[in-house]
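S.K.: pasting the sequence and the predicted model now:
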Amino acid sequence: MKKQEFQELKELTIKELENKRLELAKRLFEHRTQVKLGQMKNTAILRNLRKDIARINTLIQQKRLSTERGER
């Protein structure tokens, strides 16, 4: 994920981030299947997708914490 894409993700709502995470999880599943079947050799894609999902999880958590703190 490029820095610019990450900045764009920061502006999304929690619901949009969850949808994006679901989309990436589906892609990860598809790529894992292709690797196991021997159709794909580049396993770095799997690592990058896992990292992107982790980044999105972090953003979701940060947004949830900031809304909690804002409500108090």
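M.R.: Right, received. Where do you want to start? Only a predicted model underlies this, so the values are computations on that prediction, with no experimental measurement involved. Numbering: from 1, shown residues only.
S.K.: and the helix or strand harbouring Thr67, what does it pack onto?
M.R.: Assigned by DSSP states H and E, Thr67 belongs to helix 44-71. Contacts defined by 3 or more C-beta pairs under 8 Å, 6 or more residues apart in numbering; DSSP states H and E place helix 44-71 against helix 3-10, helix 14-37. In this view, the C-beta of every residue, glycine as well, is placed from N, C-alpha and C.
S.K.: looking at these, which is buried most?
M.R.: helix 14-37 (a mean of 14; mean count of other C-beta atoms under 10 Å).
S.K.: that one: how far from the chain's middle?
M.R.: With C-alpha atoms, centre = their mean, to the nearest Å as the basis, helix 14-37 stands 8 Å off its chain's centre.
S.K.: give me the contact list for that helix.
M.R.: For helix 14-37, the external contacting residues (C-beta atoms under 8 Å, 6 or more residues apart in numbering) are 9, 12, 40-41, 43, 45-46, 49-50, 52-53, 56-57, 59-60, 63-64.
S.K.: now do that helix, average pLDDT.
M.R.: Throughout helix 14-37, pLDDT has a mean value of 97.
S.K.: compute the inter-axis angle for it and helix 44-71.
M.R.: 160 degrees (axes from the mean of the first three to the mean of the last three C-alpha atoms, to 10 degrees).
S.K.: send me helix 14-37 as PDB with only the CA atoms.
M.R.: Only the C-alpha atoms of helix 14-37 are listed here, as PDB (Å, rounded to 0.1, in the frame of the first residue of the first chain):
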ATOM      1  CA  ILE A  14     -15.400   2.800  10.100                       C
ATOM      2  CA  LYS A  15     -18.100   1.100   8.000                       C
ATOM      3  CA  GLU A  16     -16.200   1.800   4.800                       C
ATOM      4  CA  LEU A  17     -13.000   0.500   6.400                       C
ATOM      5  CA  GLU A  18     -14.700  -2.700   7.400                       C
ATOM      6  CA  ASN A  19     -16.000  -3.200   3.800                       C
ATOM      7  CA  LYS A  20     -12.500  -2.600   2.500                       C
ATOM      8  CA  ARG A  21     -11.100  -5.100   5.000                       C
ATOM      9  CA  LEU A  22     -13.600  -7.700   3.900                       C
ATOM     10  CA  GLU A  23     -12.700  -7.100   0.300                       C
ATOM     11  CA  LEU A  24      -9.000  -7.600   1.100                       C
ATOM     12  CA  ALA A  25      -9.700 -10.700   3.100                       C
ATOM     13  CA  LYS A  26     -11.500 -12.200   0.100                       C
ATOM     14  CA  ARG A  27      -8.600 -11.400  -2.200                       C
ATOM     15  CA  LEU A  28      -6.200 -13.000   0.300                       C
ATOM     16  CA  PHE A  29      -8.300 -16.100   0.300                       C
ATOM     17  CA  GLU A  30      -8.300 -16.300  -3.500                       C
ATOM     18  CA  HIS A  31      -4.500 -15.700  -3.700                       C
ATOM     19  CA  ARG A  32      -3.900 -18.400  -1.000                       C
ATOM     20  CA  THR A  33      -5.900 -20.900  -3.000                       C
ATOM     21  CA  GLN A  34      -4.000 -20.100  -6.200                       C
ATOM     22  CA  VAL A  35      -0.600 -20.500  -4.400                       C
ATOM     23  CA  LYS A  36      -1.700 -23.900  -3.000                       C
ATOM     24  CA  LEU A  37      -2.900 -25.000  -6.400                       C
END
